[in-house]
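A.B. asks: One predicted model, sequence on top.
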Amino acid sequence: MFVAWVIDAADSTIYSLTLPMIKDEFGLDLTTMGAIASVFLVGTVLGSLILPILADRKGRRVGIATCVGLFSVATCAVGMAGNLTTTAIGRFFTGCGTGAEWPIGAAYVSEVVEPKKRGWAMGIMQSGYPVGFFLAGLVFLVFESWFNLGWRACYFVLVIPDLATLIPVMTMLRESPTWLKTNEERNRTTEATGKKDHGPGYRALFTPKYLKSTFISTALHCFGVMYAYGIVVWLPGALSIDFGMDNAHVSYFTLVAWAVGTLEYLLAGRLPDVYGRRLVLAGYMLIGLVAVALLNYMLYSHNHSVVAMYGIGCLIGISVGVTVLYITYSSEIYVDEVRTVGLGFSVAIGKVTAVITPTLLGFIAKFTSISLSLLVSTALGMLMIPIIFFGPETAGKDLMKSGRKRRQRRPPDIAKRTPCEPLEQGGIGIKITNVEVFPFKIPNKRVVVWAVGSLPAAEHLIVKITAEDGSVGVSKAIPRPMIYGETQEGIYYALTKYLKPMVVGEDSFNFEGIWKKFQFLPWNLAAKGAIDVALYDLNARSLGISVARLLGGPARKEVVLCWQIGFGERDEMIAELKEKLDEGYRAFKVKGGPQARKVPGSISTPTWPTAVSTR
């Protein structure tokens, strides 16, 4: 991931270095060149919104490979461009790839690295960004300045490490175990319901469940970008215009600041693992505030000491390590199921802020000074401190998992109410809003045969009841047409045509009232029972307890499992029984006819009983 970050930064930066040559070759003005730069930023915004969805559905590894492949091909396209349109399109897709790598890469590293080393790993990864700046400068120096191969050679050369990174990403990079687990859960849901579960989208970020994380992460990216981009874009101008430094001293100052910044990216990953994300972020921003305040003091006191200026450069280099902090933290506060899309949204809004920030600071500098505008951007960056303290500390802790435990809800005055009261008269449950039925068929490994029929497959139905607060209850309806006369088709029709209208709008605890309504549809006990069981599941989930607890507590912790052996050839039945004995079963229901007889010595009598835990 470090190498991916290096080439990401190099591909992003090479345009700034080759801009004068592209301008001269195509005969463009500065406004058009600025427009191409804006197209790149638009690409970063759209990429950070769209590609994380791919990483969420197809895997982090596929998402990272797509990012690297996209900006590799796009960089090569810019090198081959023969006109303005091709150049702009190439830069747009370069932006798409580089913009999406932030949220996908951060999500991946946060998921595969153990909690105590997560910050350190994120620091190493993101330290590739300043290294990428140096790589772009080195490629430009060697191939354009020394060998005079032209600006196109710089783009072609950068494609080599791009493609060299793509191969190990697809062959050596292991998939995130967290994503694999989440994807497995979605597949099980798809199999049970018959509907493809793609996971939550961007709309879910604004539901009560995720809104706090979305606010914290997005605010950190916005205010962090205001500080970091303000420093990167306007600091050289402050040195040149406010302090009258020549180009050589500005270059030396920038090199010192970025050299310190590169080392600080590593420390900014390690220190938060030891002292906590929130405290270290506050420390970095205070260092930045002191540095920019000293810069303004030196300007207005006319003290332009070279030693002091380089000291301020070192402090500023240290402070830019805050970027590692807010990216790391925002990747940790989202739960598994929305981590990439949440990060993608936060990064996208941060990128939009990055477009606005230089213009805003330039407007302030027009009436004051560039140094004072940097103080304004630093003050805005200081807002990250109260925002990050609004969230939990994440250092050394496991990532937040999907399906967080629902907060227990105790209905008011529960002892004074009865379950059969209608909802509008103070019922104790929650309003039922929907009943869904999903038929499915799963072939059995063995065809179970008995006197009145056989079961080649499980043709059952999943019943899902949803309440107004989002609580869900699930059960299964099992047809046995040869025993109690209900088929899969009949149960589905009874549930959707008759029972669903009786249940929707009712209080989830109003069992008596619901069963009174059920009297208008005689029999159909499998369909009615599925509703009943799903209601118990719904109520238990809404209260944050198990169904056993809801019914008064479990009577036992272990039960003896029973295995049913259907009709078949004697030897086959004996073999099946022996197989299940070896698996631990000690209770059996064996189908037999009037001619059944004991076969001496065929099966030894087992020691009774060995309990099999169902927990």
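C.D. replies: Happy to help now that I have it.

A.B. asks: Which stretches in the stretch 301-450 of the chain count as strands?
C.D. replies: Taking DSSP state E, counting those that start in this stretch, the strands of the stretch 301-450 of the chain run over residues 432-450.

A.B. asks: where in it is pLDDT low?
C.D. replies: The stretch 301-450 of the chain contains residues with pLDDT under 70 at 399-429, 450.

A.B. asks: hmm, 80 instead?
C.D. replies: The stretch 301-450 of the chain contains residues with pLDDT under 80 at 302-306, 336-337, 354-359, 361-362, 396-429, 444-450.

A.B. asks: would you list every one of the helices in it?
C.D. replies: Using DSSP state H, counting those that start in this stretch, the helices of the stretch 301-450 of the chain run over 306-319, 322-333, 339-367, 370-381, 384-389.

A.B. asks: Which elements pack onto the last one?
C.D. replies: Translated: helix 384-389. On a contact count with 3 or more C-beta pairs under 8 Å, 6 or more residues apart in numbering; DSSP states H and E, helix 384-389 meets helix 211-237, helix 277-300, helix 322-333. (C-beta placed from N, C-alpha, C; glycine too.)

A.B. asks: buried residues in that helix?
C.D. replies: Buried residues in helix 384-389, counted by 16 or more other C-beta atoms under 10 Å: 384, 385, 387, 388.

A.B. asks: The third one and residue 381, how far apart?
C.D. replies: Going from residue 387 to residue 381 by C-beta to C-beta, to the nearest Å gives 11 Å.

A.B. asks: most packed of the helices of the stretch 301-450 of the chain?
C.D. replies: helix 322-333 (a mean of 27; mean count of other C-beta atoms under 10 Å).

A.B. asks: related to what we said a few turns ago, I'd like the helices and strands packed on helix 384-389 as a markdown table, with distance to residue 438 appended.
C.D. replies: As requested, the helices and strands packed on helix 384-389 are exported to a markdown table (distance: least, C-beta to C-beta, whole Å):
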| stretch | distance to residue 438 |
| --- | --- |
| helix 211-237 | 30 |
| helix 277-300 | 43 |
| helix 322-333 | 34 |
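
A.B. asks: Which among the ones you listed is found nearest to residue 51?
C.D. replies: helix 322-333 (15.6 Å; C-beta to C-beta).

A.B. asks: just the angle between that closest one and helix 211-237, please?
C.D. replies: With axes from the mean of the first three to the mean of the last three C-alpha atoms, to 10 degrees as the basis, helix 322-333 and helix 211-237 are set at 170 degrees to each other.

A.B. asks: just checking, what packs against helix 322-333?
C.D. replies: Counting contacts by 3+ C-beta pairs under 8 Å, 6+ apart, helix 322-333 packs against helix 84-112, helix 118-126, helix 211-237, helix 247-275, helix 277-300, helix 339-367, helix 384-389.

A.B. asks: Now residue 321: closest residue in space, sequence neighbours ignored.
C.D. replies: residue 268 (3.2 Å; C-beta to C-beta, 6 or more residues apart in numbering).

A.B. asks: ok, now residue 43?
C.D. replies: residue 95 (2.5 Å).

A.B. asks: wait, doesn't that neighbour sit right on residue 36?
C.D. replies: No: counting by C-beta atoms under 8 Å, residue 95 does not reach residue 36; the two are 10.4 Å apart.

A.B. asks: Neighbour count: those two, which is higher?
C.D. replies: Using other C-beta atoms under 10 Å as the criterion, residue 95 and residue 36 rank with residue 95 on top: 28 against 20.
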